[in-house]
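> Kindly return the folded structure for what I paste below:
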Amino acid sequence: MDKVSRRYVLKAGGALGALGALGIATPARAQAPWTWSPTGSVGGAGAGADPRWVWDEEAGPLVASLLDRGDVPRVNELLRTWTKNGQPLPAGLPADLRDFMERARRLPAWADRGRLAPVVEFNKKRGLYLGLLYGLASGMMSTVIPKEARAVYYSQGGADMKDRISKTAKLGYDIMSADAYDPRGEMIVTCVKTRLVHAAVRHLLPQSPYWAQVADEEIPISQRDMMVTWHSLPTTVMQKLTAWEVPIPAAESDAFLHSWQLCAHLLGIRDEYIPASWAEANSQAAQVLDPVLAPTPEGVKLADILLNLGSGVDGGILGKPILGAFTRFMLGDEIASWLRIRRELVWDPLLRVSWKPFIAVREGLLPFPAAPEAYWLFDEFLRKAALLFLSEARPISIEIPDTNRPS
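Reported below is the predicted structural model:
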């Protein structure tokens, strides 16, 4: 084991001891014991270790070494040219990084192209719902996940939220693309680069005096933290679509899940923590996501930034009051009050009354010829417009940070 790897393991061990002591000292804030069985995972087996004490053992020491060696600026410059799944890695990358990325970009043995195929039809028909849910359910939910809100706020991305959100939005855009995991797609690239970013944040955030003052952990972005964020996306989305009574064929529902299972694997989440079914996903989310939702000062600030950014995407048509009303409608009064989203006398009742009839009309038109394609073109236009606004018409490049938020 090299010097960096030993240091990373010792650091993780110290965090385990310190956080274990913290849990004993403050039982009111302690999380429930981990009881979810790995037999319900895509791997079908595992050690069953609490993912709070598990990090990314491959990417963590590697990226810490890149930072310590001063290689990150050169690596970022090289990786700007790597954009397609089937594209060879750029020449000139450090050998240890190249070896890791070649392994990290491979789809797992359990990847099933046939099972994945119906997701294209699912995305075509439900693109509008997915865009709204990713942005105003999942995106806003991230601001009431305390560990995630603090990690975002105090890391380098927190200093430029427009840039930070554009990179998050790219992942949502790429996974909805028809060729997401094909050689000409970009989802694998986006996931591997994001995995490197997470590893850098794990190394850098403990060095931030601002984060250290408020954090209840020594190393951020554990496997459990990653699963919490994962559930805020596909699990939350499917729960909402079910609650709205959107009729989804079983094959499309399963394909949507499989696309996100692959995403989890490529982000570095162990197979033993990735749910094998929606029932298992709901069970795990009830243990790791639902109990942790809470307000933080950082989350309130981030939510306000997100709503202001969102209101500018379409030139102001969807203003902050409408986006706030959608957030309240999707996440409920309690979370809206945590985020200090004011009640809207017109939009709040209008959404409650009209949303399900709107869905019924939209779904009722789907059997007509060309309706799914028309929906897809319109939704694709909105997604691309959002990305152009957030990126300020520049290429979106996911890059490894080498500092924290400066203030």
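> From now on I want contacts and neighbour counts done on CA atoms only, so please keep to that.
Fine.
> for this structure, which spans come out with low pLDDT?
Along the chain, the model assigns pLDDT under 70 to residues 1-31, 310-318, 364-395.
> let's go with 80 and repeat that
1-32, 162-163, 166, 309-319, 358, 360-396, 407 (pLDDT under 80).
> Pop out the phi and psi values for N308.
Main-chain torsions, N308, degrees, to the nearest 10: phi -70, psi -40.
> isn't it right next to K320, touching?
Yes - using C-alpha atoms under 8 Å, N308 is in contact with K320, at 6.1 Å.
> could you point out which element follows the helix or strand V152 falls within?
Secondary structure assigned from DSSP states H and E places V152 in helix 146-154. Downstream of helix 146-154, the first helix or strand assigned by DSSP H and E is helix 161-176.
> could you dump the helix holding V152 to CSV, C-alpha only?
Below are the C-alpha coordinates for helix 146-154, written out as CSV (Å, rounded to 0.1, in the frame of the first residue of the first chain):
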residue,chain,number,x,y,z
PRO,A,146,-27.9,18.6,5.4
LYS,A,147,-24.7,16.9,4.5
GLU,A,148,-25.2,17.5,0.8
ALA,A,149,-26.2,21.1,1.3
ARG,A,150,-23.1,21.8,3.4
ALA,A,151,-20.8,19.9,1.0
VAL,A,152,-22.1,21.9,-2.0
TYR,A,153,-22.1,25.3,-0.2
TYR,A,154,-18.5,25.1,1.2
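> Now do it: which elements does it pack against?
Helices and strands touching helix 146-154, by 3 or more C-alpha pairs under 8 Å, 6 or more residues apart in numbering; DSSP states H and E, are helix 209-214, helix 223-230, helix 297-310.
> Would you tell me which one of those is buried the most?
Ranked by mean neighbour count, these are led by helix 223-230 with a mean of 22 (mean count of other C-alpha atoms under 10 Å).
> Helix 146-154 and that helix, what's the angle between them?
Computed with axes from the mean of the first three to the mean of the last three C-alpha atoms, to 10 degrees, the direction of helix 223-230 lies at 90 degrees from that of helix 146-154.
> Where do the strands of the stretch 51-200 of the chain begin and end?
Along the stretch 51-200 of the chain, counting by DSSP state E, counting those that start in this stretch, no stretch forms strands.
> If you count neighbours, what's buried in stretch 68-88?
The neighbour-count check on stretch 68-88 (16 or more other C-alpha atoms under 10 Å) flags 72, 75-76, 79, 82-86 as buried.
> How far does it stretch from one end to the other?
For stretch 68-88, the first and last residues are 26 Å from each other (C-alpha to C-alpha, to the nearest Å).
> Give me the contacts around that stretch.
With C-alpha atoms under 8 Å, 6 or more residues apart in numbering as the test, stretch 68-88 has contacts from 66, 89-94, 181-189, 397, 399-402.
> residues in contact with L171?
By C-alpha under 8 Å, 6+ apart, the contact list for L171 reads 187, 190-191.
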